[in-house]
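Engineer: below are the sequence and a predicted model for it; my questions follow.
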Amino acid sequence: MTQAAFPKLLSSQIAFDIARTIRDGFDKHYRLFRDTSRQAKIHFEQGDWATAQQAARERIGFYDQRVQECVHLLEDEYDHSELTDEVWRELKLHFIGMLSDHKQPELAETFFNSVCCNILHRTYFHNDFIFVRPVVSTEYIETEELAPTYRVYYPGTDGLRFTLKRIITNFQLDAAFANLDRDVEQVETRLRQIFGSNKIEPNHQIQVLSSLFYRNKGAYIVGKGINGNKEYPFVVPILHNRNAELILDTVLFDQEQITVLFSFTRAYFLVDMEVPSAYVQFLRSLLPRKPRSEIYTILGLQKQGKTLFYRDYLQHLKHSSDQFEIAPGIRGLVMLVFALPSFPYVFKVIKDFFPAPKETTRALIKEKYLLVKNHDRVGRMADTLEYSNVAFPQHRFTEALIAELKHFAPSLVEEDGEQLIIKHLYIERRMVPLNIWLSNAEKEGDDLQIEHGVLEYGNAIKELVAANIFPGDMLYKNFGVTRHQRVVFYDYDEIEYITDCVFRDIPEARTDEEEMSAEPWYPIGKHDVFPEQFGRFLLGNAKIRRYFMKYHADLLTRAWWQARKQRIADGYVEDVFPYPQNIRFSNQHQPTPTATVTPPPFMETLENE
């Protein structure tokens, strides 16, 4: 579809110029996005982890920066009286014509929405003016001939070992492998176990995405074997060993293992993609249960993920009839949380006021959530989707929920006819609060579940510490258990960097009066933390205390926390692996061990998140 297709309808030069400005703004954004993704290869080759993490953080902000640039340009260039409804309608049609040969049309449509929604009132948020529904198909978009989305290899011709070595060397990493032949042999052995002894069919091949997936200290080869009507997904992590040489660390082939690698609780990958929809399509063939919204998000295209998520949500709302209600669990002092029972997410609204002892502001809470968005979540912090001016059908809300919203967050709630408008909220994956999970296990007399929960809780804290995160409020109610029993932190209003905390021992009382005092007899700074006090709030239950002391007694000592803080201050980036230790290749070339405790055998099963 081009401008020529509308010779009479499309007559506004202003609409055409604005459409071109928005398209150019998106093209600039995606050019910078790809540049940063390409640079990840250099950071990985050089082992420059600090620069890699900084680049990943900065890339997250690119989208909003380009949107605001575009908005300011349009506001400076055009008078409000020139932007009539007819101009806005034509604008969208011009924009559609400009995407006929575009490599990222779905992303450009979302960018268009972001710019327009910054200028237009929410009454314009429908398909006449923005892309409520996608228009341009992403099927069969062609990449440049020399840069295909994936490469195809035929092990029946050259043999599996030679093919694997060719796959790895084709990435042209500018760093030496410690022993590539040894590692390839181990990958071959693992893959032969996966492929089994099936008859080799004429279409026997291996397909591998052309770009490596970079995150933290790892690079990942993502591919699948095809033989007849069977497909065998696999991922090969590439790491640095202690001597800064490259190693192939293992092979992930179980679908749940690969799903955890692409979890919503982890940082976004950096991948150089000319046609992102083609990467999403390939990944969906490996992870068919993973929604496209989550795949776009984990690839760093979180705005596209938000768009697809919201479309999925609207479809769910249309085809369901249950009501939004207050989420179960202990009510928070800062957030009002509600949910739709049939939808696996929760909606979180910042309250207008906070009772003692909370001392915070809405602006500070939003900063904390932004910190988590920009940080390495190491599989232990839930990603959040942030929305403004969300319209809900009021008849789908319980009276109790409406009353709570009007009482605790009146500044964020507006009634508009049959709709309830919430001006700002976060959406997170729904989990069972850990306190409820442990309580249920106690009622059922399931000691194994209690042990599991306590072990996972401590491991979650230790992995957060490895990423320089102190949860602040460590009560169990602030942690959730996924449907596959992984413990994840989700309450961020008191989160701090470990390096900003001061870990102290409680000084000895000098008098009997101080000893018996209900109030501290010693000065406490804003960032002071006393680990020996954690037990008072966390370990009142005898069973929980027994398992906590078995696995995580070190969390009650200042020395443990101070040692981790010092490692971070010294510039050391910890290894936190997104797969089980027992599937890694020989220990002789492992990187420096992680800060986490190795779980016992019953914890080795990875969860599908």
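Structural biologist: Great, that's in hand.

Engineer: drop to CA atoms for contacts and neighbour counts, all remaining ones
Structural biologist: OK.

Engineer: surely residue 434 and residue 479 touch.
Structural biologist: Yes: Residue 434 lies in contact with residue 479 (C-alpha atoms under 8 Å); the separation is 5.5 Å.

Engineer: joint contacts of the two?
Structural biologist: Residues touching both residue 434 and residue 479 (C-alpha atoms under 8 Å, 6 or more residues apart in numbering): residue 487.

Engineer: among the helices and strands of this protein, which has the poorest mean pLDDT?
Structural biologist: Sorting the helices and strands of the chain by mean pLDDT, DSSP states H and E puts helix 512-516 at the bottom, at a mean of 73.

Engineer: contacting residues around the very next helix or strand once past it?
Structural biologist: Using DSSP states H and E, the helix or strand that follows helix 512-516 in sequence is strand 528-529. Contact partners of strand 528-529, identified using C-alpha under 8 Å, 6+ apart, comprise 501-504.

Engineer: tell me the mean pLDDT for strand 528-529?
Structural biologist: Averaged across strand 528-529, the pLDDT comes to 94.

Engineer: partners of that strand, with directions?
Structural biologist: In the sheet, strand 528-529 lines up against strand 502-503 (parallel) (DSSP bridges).

Engineer: tabulate the contacts of strand 528-529 (a markdown table), appending distance to residue 452, neighbour count and pLDDT.
Structural biologist: Shown next, in a markdown table, are those (distance: C-alpha to C-alpha, whole Å; neighbours: other C-alpha atoms under 10 Å; pLDDT from 0 to 100):
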| residue | distance to residue 452 | neighbour count | pLDDT |
| --- | --- | --- | --- |
| 501 | 29 | 19 | 96 |
| 502 | 30 | 16 | 96 |
| 503 | 28 | 20 | 96 |
| 504 | 30 | 17 | 94 |
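
Engineer: of all the residues you listed, which two lie farthest apart?
Structural biologist: 501 and 504 (9.5 Å; C-alpha to C-alpha).

Engineer: what helix or strand is residue 101 located in?
Structural biologist: Using DSSP H and E, residue 101 sits in no helix or strand.

Engineer: next up, the contacts around it.
Structural biologist: Residue 101 neighbours (C-alpha under 8 Å, 6+ apart): none.

Engineer: picking up where we left off before, would TSV of the contacts of strand 528-529 with distance to residue 295 be doable?
Structural biologist: Converted to TSV, the contacts of strand 528-529 look like this (distance: C-alpha to C-alpha, whole Å):
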residue	distance to residue 295
501	35
502	38
503	39
504	42
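
Engineer: closest to residue 86 out of those?
Structural biologist: In terms of C-alpha to C-alpha, no member of the contacts of strand 528-529 lies closer to residue 86 than residue 501, at 56.4 Å.

Engineer: ok, the nearest residue to the closest one once chain neighbours are set aside - how many residues close by?
Structural biologist: Leaving out its chain neighbours, the residue that sits closest to residue 501 by C-alpha to C-alpha, 6 or more residues apart in numbering is residue 527, at 5.0 Å. Per other C-alpha atoms under 10 Å, the neighbour tally for residue 527 reads 12.

Engineer: wait, what's in contact with residue 527?
Structural biologist: Per C-alpha under 8 Å, 6+ apart, neighbours of residue 527: 500-502.

Engineer: equivalent analysis for residue 497, please.
Structural biologist: 468-470.

Engineer: quick check: which ranges of the stretch 101-250 of the chain have low pLDDT?
Structural biologist: 124, 145-146 (pLDDT under 70).

Engineer: what are the boundaries of the helices in it?
Structural biologist: In the stretch 101-250 of the chain, the segments counted as helices under DSSP state H, counting those that start in this stretch are 105-119, 155-158, 160-169, 180-195.

Engineer: what are the buried residues along the second one?
Structural biologist: Which is helix 155-158. Within helix 155-158, the residues that count as buried by 16 or more other C-alpha atoms under 10 Å are residue 155.

Engineer: gap between residue 348 and residue 386?
Structural biologist: 10 Å (C-alpha to C-alpha, to the nearest Å).

Engineer: so residue 573 sits right up against residue 47, yeah?
Structural biologist: No: no contact is recorded between residue 573 and residue 47 when judged using C-alpha under 8 Å, the distance being 10.6 Å.

Engineer: nearest to residue 568, of the contacts of residue 527?
Structural biologist: residue 500 (11.1 Å).

Engineer: just give the nearest non-adjacent residue to the closest one, would you?
Structural biologist: Nearest residue to residue 500 in three dimensions, chain neighbours excluded: residue 527, at 6.9 Å (C-alpha to C-alpha, 6+ apart).

Engineer: got a pLDDT number for residue 589?
Structural biologist: For residue 589, the pLDDT comes out at 46.

Engineer: which of the three states applies to the residue nearest to residue 33 when sequence neighbours are not counted?
Structural biologist: Once flanking residues are discounted, residue 33 sits nearest to residue 59: 6.5 Å by C-alpha to C-alpha, 6+ apart. Following DSSP: H, G, I helix; E, B strand; the rest coil, residue 59 is assigned to helix.

Engineer: what about residue 525, how many neighbours?
Structural biologist: Neighbour number of residue 525 under other C-alpha under 10 Å is 9.

Engineer: let me redo that: residue 170
Structural biologist: 11.

Engineer: try residue 537
Structural biologist: Residue 537 sits with 10 neighbouring residues when counted by other C-alpha under 10 Å.

Engineer: over to residue 174?
Structural biologist: Look at residue 174: counted by other C-alpha under 10 Å, it has 11 neighbours.

Engineer: go on, residue 391?
Structural biologist: For residue 391, using other C-alpha under 10 Å, the count is 16.

Engineer: pLDDT weak spots in the stretch 501-609 of the chain?
Structural biologist: For the stretch 501-609 of the chain (pLDDT under 70), the answer is 514, 586-609.

Engineer: hmm, try it at 50
Structural biologist: Counting by pLDDT under 50, the stretch 501-609 of the chain contains low-confidence ranges at 588-609.

Engineer: domain map for the protein?
Structural biologist: Domain ranges of the chain: 3-124, 150-301, 320-430, 433-574, per automatic domain parsing.
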